[in-house]
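Enquirer: here is my input, please return the structure:
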Amino acid sequence: MVWAVAAALGPVVGGALTNNVSWRWCFYLNCKPWPPNTPLGRAWLTVAKTIVPVTGAASVIIALTLRIHTPKTPLIAGIKAVDWMGSLTIAGSTIMLLLGLQLGGAFYPWDSATVICLLVFSIVTLGVFVVVEWRVARYPILPLHLFANIANVATLLVVFCHGIVFTQGAYFLPMYFQSVLGAPALLSGVWLLPFAVSLSLMSMVTGIYIKVTGRYLDPIRLGFVLTVLGSGLWYILPRTTSWAKIIIFQIITGIGVGANFQPPLIALQSNVPAQNNASATAAFSLMRNVASAVAVVTGSVAFSNRMSAQQDMLRSVVGDAVAGLLSGDKVQGNLFVVNTLDESQQRIIRDAFFRAMRDVWVETVCFAAAGLLACLLIPNKKLDKQHVEVKTGLEGEEARRKIAEERKMKKEKGESKV
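Expert: Here you go, the predicted structure:
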C-alpha cells in the first residue's frame, strides 16, 4: 500500500516540478538533492556522488532496523556462486526483444534486417538461457523445475499480464489526459489519482482479506474480472472532460489491478517447497520487471504506428513540419506542440491522438483477458499457519543440490533395472 501511495504521488509531484521548475528536477530528486551548477551541488557531488536522497534514506533505515537471520557468505564464494551466464543471457534476450519492438516501425521498417535480427536473436539467446539454467548453472537464477508445474506457469503468466495492465495504465493514462484532453503535466498527474488511490486501497483490503480467510485465489479472479471490465471501458473514454466516465472507469480498473499485487506471489510460494521460495520470488520479480518494460514498449509502438498511419491526413491539416513531429518515435516528446496551433487544427490532431490511444487500450484489455484465462489454472491451496525455518545461503543450496542429484541417480538406477 505504501508503494502504491508513492506511485500515486509521483505523477503529481513530477507534474508540479515540470510545470513550475523544470522536468530535470524529477531527476535531481532521485539522483542528487541540488543542481550540479551550484556551490552546494558541487559540494554534494564531491562528498557523496553515489548517495541519493530517497534511496539513500531508505538504505539507512534498512541498515538500522531490518533484522533477518542470514548466513555469512564469503565475498569471493558469493561472487563465484552468482549465475553470471544466466544473468547475461536473460538480460541480453530481454534487451534485444525490447529494442526490436521499439525500433520496428519507428526507426526501421518491420521487415528490415536490424529489426528481424534483434527479434530472432532475442529468441535464440532465450534458448541459450534455458540451456544454461538446465545444464550449466550450479545455482540457476531461474530453476527450470518451477515451470514443470502448470500452476506455476499460469501464476507467472498472471504476473506478466497484471504488470502490463498496471504499467500501461500508469504510463498511458497521463498521455491520454495530455494529448486528447489537453491537460498540462501537473493536472495529468492529478487526474490519475482515482486509478492510483483505488488500487492502493484495494491492495490493503486484499491483504486483510487473505490474512483473515487464507484464500488468495478469490482476489486474483475477482481482480482480473474487474480489470478486464475497466480496461475495456477505457476504449470509450471521452474526447472531452466527462468526469463521471474518467473517474469511474479508472476506479473500476484500479480496484481490479490493486487486488493482484500480492496474491499471485502468495499463490506461487504456496505451490513450491519452502526452500524454493527465494527462486520463486526471484522469478516473480523478473516477470513483473520484464512486463513493465514490455508494456511501455508495446504500448508506444501501438500509439506511434497509428499516428504514422495518419500522416497523410495530418500533413494536409498542419503541414509537413508539424506532422513530422507527430509521427513515429517523435510523437510522445511533442504532445504539447498541439497547443501552439489554432483551435480547428488542435481538434483534428486531438482526434488523431484519440484514435491512437484506442489502439493502446485494445492491447491493454487483451492482456487483461489473457490474465483472466490464466488465473483459472491456479489452484487454491490451504495456507500454512506455522513458520518453517529453511536453511539459506550457499550451504543450504549445496545440500539441496546434492539431495536432488542423489534422487536423480536413484531414479535412473531404478529405470535401468526395469
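Enquirer: ok, and the closest non-adjacent residue to the spatially most central residue of the chain?
Expert: Centroid-nearest residue in the chain, with Cα atoms, centre = their mean: Ser292, separated by 2.1 Å. Leaving aside its chain neighbours, Ser292 sits nearest to Thr167 (4.6 Å; criterion: Cβ to Cβ, 6 or more residues apart in numbering). Placement of C-beta: from N, CA and C, glycine included.
Enquirer: neighbours of that neighbour, how many?
Expert: Close neighbours of Thr167, defined as other Cβ atoms under 10 Å, add up to 20.
Enquirer: with Gly223 instead?
Expert: 28.
Enquirer: that one contacts Gly256, correct?
Expert: Yes: under the criterion of Cβ atoms under 8 Å, Gly223 makes contact with Gly256 at 4.7 Å.
Enquirer: overlap in contacts, the two.
Expert: Shared contacts of Gly223 and Gly256 (Cβ atoms under 8 Å, 6 or more residues apart in numbering): none.
Enquirer: was I right about the residue nearest to the centre of the chain contacting Val165?
Expert: No: between Ser292 and Val165 there is no contact under Cβ under 8 Å: 10.9 Å.
Enquirer: what sits against the residue nearest to the centre of the chain?
Expert: Gly163, Ile164, Thr167.
Enquirer: can I get these in CSV including secondary structure, distance to Pro71 and pLDDT?
Expert: Below are those laid out as CSV (DSSP: H, G, I helix; E, B strand; the rest coil; distance: Cβ to Cβ, whole Å; pLDDT from 0 to 100):
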residue, secondary structure, distance to Pro71, pLDDT
Gly163, helix, 31, 93
Ile164, helix, 36, 94
Thr167, helix, 35, 90
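Enquirer: can you tell me, leaving aside adjacent residues, what's nearest to Asn152?
Expert: That would be Leu146: by Cβ to Cβ, 6+ apart, it lies 5.2 Å from Asn152.
Enquirer: Phe261 too?
Expert: Using Cβ to Cβ, 6+ apart, the nearest residue to Phe261 is Ser203, at 5.0 Å.
Enquirer: and Asn277, by the same measure?
Expert: Gln269 (5.1 Å).
Enquirer: which helix or strand contains the one you found?
Expert: Using DSSP states H and E, Gln269 maps to helix 263-270.
Enquirer: same question for Ile123.
Expert: helix 113-131.
Enquirer: pull out the buried residues from that helix.
Expert: The neighbour-count check on helix 113-131 (16 or more other Cβ atoms under 10 Å) flags Val115, Leu118, Leu119, Phe121, Ser122, Thr125, Leu126, Val128, Phe129, Val130 as buried.
Enquirer: I'd like those residues as CSV, with distance to Pro273 and pLDDT appended.
Expert: Output for the buried residues of helix 113-131, formatted as CSV (distance: Cβ to Cβ, whole Å; pLDDT from 0 to 100):
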residue, distance to Pro273, pLDDT
Val115, 42, 89
Leu118, 38, 93
Leu119, 36, 92
Phe121, 35, 95
Ser122, 32, 93
Thr125, 30, 96
Leu126, 26, 92
Val128, 28, 95
Phe129, 23, 93
Val130, 22, 91
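Enquirer: widest-spaced pair of those residues?
Expert: Within the buried residues of helix 113-131, Val115 and Val130 form the most distant pair, 23.5 Å apart (Cβ to Cβ).
Enquirer: for Cys161, see how far away Met96 is.
Expert: From Met96 across to Cys161, the span is 22 Å (Cβ to Cβ, to the nearest Å).
Enquirer: ditto for Asp384
Expert: On the measure of Cβ to Cβ, Asp384 and Cys161 end up 27 Å apart.
Enquirer: still on that earlier bit, contact partners for the residue nearest to Ser292?
Expert: With Cβ under 8 Å, 6+ apart, Thr167 has these contacts: Ala291, Ser292, Ala295, Val296.
Enquirer: Val365 - how many residues pack around it?
Expert: Val365 has 20 neighbouring residues, counting by other Cβ under 10 Å.
Enquirer: list the contacts for it?
Expert: Val228, Ser231, Gly232, Trp234, Tyr235.
Enquirer: pull out the buried residues from the residues you listed.
Expert: If we count by 16+ other Cβ under 10 Å, the contacts of Val365 have these buried: Val228, Ser231, Gly232, Trp234.
Enquirer: the stretch 201-350 of the chain: helices as residue ranges?
Expert: 217-233, 243-258, 263-270, 277-309, 311-325, 343-375 (DSSP state H, counting those that start in this stretch).
Enquirer: find the nearest non-adjacent residue to Ala137, please.
Expert: Asp83 (4.5 Å).
Enquirer: surely the one you found and Pro140 touch.
Expert: Yes: using Cβ under 8 Å, Asp83 is in contact with Pro140, at 5.6 Å.
Enquirer: intersection of neighbour lists for those two?
Expert: With Cβ under 8 Å, 6+ apart, Asp83 and Pro140 have common neighbours Val132, Glu133.
Enquirer: which secondary structure element of the protein has the lowest mean pLDDT?
Expert: helix 39-47 (a mean of 50; mean pLDDT, DSSP states H and E).
Enquirer: beyond it, next helix or strand please.
Expert: Downstream of helix 39-47, the next assigned helix or strand under DSSP H and E is helix 53-65.
Enquirer: CA-only coordinates of the helix or strand that comes right after that following helix, as PDB, when you get a sec.
Expert: As assigned by DSSP H and E, the chain's next helix or strand after helix 53-65 is helix 75-81. C-alpha atoms of helix 75-81 as PDB (Å, rounded to 0.1, in the frame of the first residue of the first chain):
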ATOM      1  CA  LEU A  75      32.600 -12.400  -0.700                       C
ATOM      2  CA  ILE A  76      34.600 -14.500  -3.200                       C
ATOM      3  CA  ALA A  77      32.500 -17.500  -2.700                       C
ATOM      4  CA  GLY A  78      29.300 -15.400  -3.200                       C
ATOM      5  CA  ILE A  79      30.600 -13.900  -6.400                       C
ATOM      6  CA  LYS A  80      31.500 -17.400  -7.800                       C
ATOM      7  CA  ALA A  81      28.000 -18.600  -6.900                       C
END
